[in-house]
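Asker: Sequence first, predicted model second:
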Amino acid sequence: MTDRSKEIFGNPIPKKAQKKAAQSKKKFAKKFGDDSDADYSVKIVKNACLFDPLGVLDIRVDEGTGDIPFDTEKGVIVGNIRMCFGHYRISMAMASAAHALGYTPYWMDLNSYPNTTCTKVISAQNDLYSMGSRLSQKSKLFNKKYWEPLNYEGFRQLTYNAGDQKNAELMAPVFKNIPKEIPVIGTHVWPAQAALHAGMLHVVNAIPDNWPMALHFAEGSVHTIQTRQSYMGYRILNGMQGSNVLNPMPADSLVYTGHYIDHEFVANLDADCDARTARKAAGKPMRFLLTIGGAGAQRELFQAIIKHLLPAIASGKAALYVNVGDYKKVWEELCRKIKGLKEVSTEHFNDWSDTNAFAQSAMDGALTEKDIRQHYEGLSERDKGKDWKPFNSMLRLLRQFNGLRIYQL
């Protein structure tokens, strides 16, 4: 395994930072164990919600063996960590595009293998980040003095990437028994880094952020970006070691692709916009969809939005759908904070067929004006036994809404 914490794109990492990175890995290994020598079983199963519409297959680790073989000719692994709503949305877009192009999308959630060090390390960092994200919404001092500097400058530094690279070595064992020739698309840098440490031969690192940050580097992969203006910042490693002029990324390591958008959104764009225009012309309620993301930190903001919309909803001018993902506690708190919300809401929890049928009715226009007006959707497909399911279900629902998810402000 190549030690990728000592230099990045030919730029040496200071010895102090290397030592700190090694200590970080050592700390996690001591806390969660080092399973580098483990020989985890791997099996493929049909995704409970996404196999029928998108042909998505799940890669399950340490759950025995199965009968479905890997497709080494047309298979594409979408590696994610179920850490943030945005990363999962990008994962869904990748799976959607792969399916539309005739490939076999494999869903590999590195945060869903509870017996592995990989998942334990990711979960611990996810919990820490989520706590910081929520605290930043409550404390202006914490946000100004710590959280914003960390996100804008801390994550930008090459030294931060060095630490992630060492920690990602502990994530590599989950790839051990996966055919190395199958391409991997990482929608977070950790799956991309882990795949490279494990010897996967074709790795794409789909960078989600337009603000150039060394956090997102997985040297050895093909990095993709969504906007032209971010290209040069990533290419020259702008500001990633103070004011130093650094060696750039090789030209073939960085590719501008445009935005990561689901095939279904694009394919249905005209029809969905026509439906929206027709609803407006007929005086139907304007539809709003709120989605609670990774850390569940937007509760106060959502509370204010819902309160503001209540009169318009009561008068039939607006309809509101709230996708809480697997943050049912956030929905319950909203119901406690907003007087009368619980009484006028229709909830869909833990019944995917019911949720799917309702979404289809909304698309088909089968709901009456009254039905739409009175549906505040608390949507969650929580399966406590398998934490990888909720976002699969929720994002399929967002796809069902197609263009309806575009805010009409």
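Answerer: Looks like it arrived, so ask away. Numbers count the residues shown, from 1 in each chain.
Asker: so which strand or helix has the residue lying closest to Pro285 once chain neighbours are set aside?
Answerer: In this structure, Pro285 finds its nearest non-sequential neighbour in Ala319, 4.1 Å apart by CB to CB, 6 or more residues apart in numbering. No exception for glycine: its C-beta is placed from N, CA and C like everyone else's. Taking DSSP states H and E as the criterion, the element that holds Ala319 is strand 318-323.
Asker: so for the next helix or strand along the chain from that strand, what's the average pLDDT?
Answerer: Using DSSP H and E, the next helix or strand after strand 318-323 towards the C-terminus is helix 328-337. Confidence for helix 328-337, expressed as mean pLDDT, is 85.
Asker: same deal with stretch 309-316?
Answerer: On average, stretch 309-316 scores 87.
Asker: thinking again about what came up before, please tell me how far the residue nearest to Pro285 sits from Ile313.
Answerer: 7 Å (CB to CB, to the nearest Å).
Asker: who's more crowded, the two?
Answerer: Ranked by neighbour count (other CB atoms under 10 Å), Ala319 and Ile313 place Ala319 first, with 26 against 21.
Asker: My understanding was that that one contacts Leu290; is that so?
Answerer: No: Ala319 lies out of contact with Leu290 (CB atoms under 8 Å); the separation is 11.7 Å.
Asker: how's the chain carved up into domains?
Answerer: For the chain, automatic domain parsing gives the domain ranges 7-37+73-256, 268-405.
Asker: among those, which gets the worst mean confidence?
Answerer: Looking at those, the bottom one is domain 268-405 with a mean of 69.
Asker: circling back: can you name the residues bridging to the residue nearest to Pro285?
Answerer: Assessed by DSSP bridges, Ala319 has beta-bridge partners Arg287.
Asker: By residue count, tell me the biggest helix in this structure.
Answerer: Ranked by number of residues, the top helix in the chain under DSSP state H is helix 117-138.
Asker: in that one, what counts as buried?
Answerer: Within helix 117-138, the residues that count as buried by 16 or more other CB atoms under 10 Å are 117-123, 125-126, 129-130, 132-133, 136-137.
Asker: which helices and strands sit right next to that helix?
Answerer: helix 15-32, helix 299-314 (3 or more CB pairs under 8 Å, 6 or more residues apart in numbering; DSSP states H and E).
Asker: so after that helix, what's the next helix or strand?
Answerer: Following helix 117-138 toward the C-terminus (DSSP H and E): helix 140-142.
Asker: which residues sit against that following helix?
Answerer: 135-136 (CB atoms under 8 Å, 6 or more residues apart in numbering).
Asker: Swap in 10 Å and give it another go.
Answerer: Outside helix 140-142, the residues within contact range by CB atoms under 10 Å, 6 or more residues apart in numbering are 132, 135-136, 147-148.
Asker: Next, give me the two most distant ones among these.
Answerer: Spatially, the most separated pair among those is Leu135 and Glu148, at 12.3 Å (CB to CB).
Asker: For Gln241, which three-state class applies?
Answerer: strand (DSSP: H, G, I helix; E, B strand; the rest coil).
Asker: Residue numbering should commence at 8 henceforth.
Answerer: Done: numbering now begins at 8, and the last item shifts to Gln248.
Asker: and the nearest residue to it once chain neighbours are set aside, how many neighbours does it have?
Answerer: Once flanking residues are discounted, Gln248 sits nearest to Leu165: 5.3 Å by CB to CB, 6+ apart. Residues contacting Leu165 under the criterion other CB under 10 Å number 23.
Asker: show me what contacts Leu165?
Answerer: Residues near Leu165 by CB under 10 Å, 6+ apart: 14-16, 18-21, 24, 221-222, 224, 244, 247-249, 251, 253.
Asker: same question, Pro198
Answerer: 84-88, 94, 98, 115-118, 125, 129, 175, 178, 181-182, 191-192, 207, 210, 212-213, 225.
Asker: before we move on, back to that, please tabulate the helices and strands packed on helix 124-145 in TSV and include distance to Gly71 as additional columns.
Answerer: Shown next, in TSV, are the helices and strands packed on helix 124-145 (distance: least, CB to CB, whole Å):
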stretch	distance to Gly71
helix 22-39	22
helix 306-321	39
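Asker: Among the contacts of Pro198, which ones are in helices?
Answerer: Those of these lying in helices (DSSP H): 94, 98, 125, 129, 175.
Asker: could you pull out the strands for the stretch 158-307 of the chain?
Answerer: 191-193, 210-213, 229-232, 247-250, 261-263, 293-298 (DSSP state E, counting those that start in this stretch).
Asker: Give me whichever of the ones you listed is most buried.
Answerer: Comparing the strands of the stretch 158-307 of the chain by mean neighbour count (mean count of other CB atoms under 10 Å), strand 191-193 ranks first with a mean of 30.
Asker: and that strand, how far out from the chain's middle?
Answerer: Once both centres are worked out by CA atoms, centre = their mean, to the nearest Å, strand 191-193 turns out to sit 13 Å from its chain's centre.
Asker: name the helices or strands packed onto it?
Answerer: With contacts taken as 3 or more CB pairs under 10 Å, 6 or more residues apart in numbering; DSSP states H and E, strand 191-193 sits against strand 82-87, helix 92-107, strand 111-116, helix 196-204, strand 210-213, strand 229-232.
Asker: what about stretch 219-228, distance to the chain center?
Answerer: That offset, for stretch 219-228, works out to 17 Å (CA atoms, centre = their mean).
Asker: Output that stretch as PDB, nothing but the C-alphas.
Answerer: Extracted in PDB, the C-alpha atoms of stretch 219-228 (Å, rounded to 0.1, in the frame of the first residue of the first chain):
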ATOM      1  CA  PRO A 219     -11.100  24.300  -4.200                       C
ATOM      2  CA  MET A 220     -10.100  22.200  -1.200                       C
ATOM      3  CA  ALA A 221      -7.300  19.700  -0.700                       C
ATOM      4  CA  LEU A 222      -9.800  17.700   1.300                       C
ATOM      5  CA  HIS A 223     -11.200  16.400  -2.000                       C
ATOM      6  CA  PHE A 224      -8.000  15.000  -3.500                       C
ATOM      7  CA  ALA A 225      -7.500  11.300  -4.000                       C
ATOM      8  CA  GLU A 226      -4.200  11.200  -6.000                       C
ATOM      9  CA  GLY A 227      -4.200   8.400  -8.500                       C
ATOM     10  CA  SER A 228      -7.900   8.900  -9.400                       C
END
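Asker: From the centre of this protein, point out the most distant residue.
Answerer: Using CA atoms, centre = their mean, the residue of the chain lying farthest from its centre is Ala289. It sits 36.6 Å away.
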